[in-house]
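Novice: okay, structure incoming, though there's no sequence with it:
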């Protein structure tokens, strides 16, 4: 599939699903009492999709990879916060597993996309050198 817009990026679409799920779960009464944690996990979830989108409009593949790296780290941040959320009984173990796995799925997709861009850039350099 040809990527013409950031919305065409599968990792962005999955990150969007993750952000929506995070917003829904943090709307609960238990989570809602902890404004700082709620704010942090919501911002991290939005950061994933926003950094993919922002990176798409970068001037180079290297810069795009840098933004994807930030998106990947935001996935890890979400996963880390989920541990505290389940430890404090803001979410159930089942919810923890579901959200953790969604964040992991997005993290793997972003990592694969970074690898694809790196390899694509290397192929372009090799083509230039062989001309």
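Specialist: Okay, I see it. Everything numeric here is computed off the predicted structure, so don't read it as measured data. Residues are numbered from 1 along each chain as shown.
Novice: contacts, neighbours, all on C-alpha from now
Specialist: Noted.
Novice: show me where the chain has its strands.
Specialist: For the chain, no strands turn up when DSSP state E is the criterion.
Novice: residue nearest the centroid of it?
Specialist: Within the chain, the residue whose C-alpha comes closest to the C-alpha centroid is residue 48; the distance, by Cα atoms, centre = their mean, is 3.4 Å.
Novice: quick check: chain neighbours aside, which residue is closest to that residue?
Specialist: With sequence-adjacent residues excluded and distances taken as Cα to Cα, 6 or more residues apart in numbering, residue 48 is closest to residue 71, at 4.2 Å.
Novice: number of nearby residues for the one you found?
Specialist: By the criterion of other Cα atoms under 10 Å, residue 71 has 30 neighbours.
Novice: next: residue 37.
Specialist: Using other Cα under 10 Å as the criterion, residue 37 is surrounded by 17 other residues.
Novice: same thing with residue 116?
Specialist: Per other Cα under 10 Å, the neighbour tally for residue 116 reads 13.
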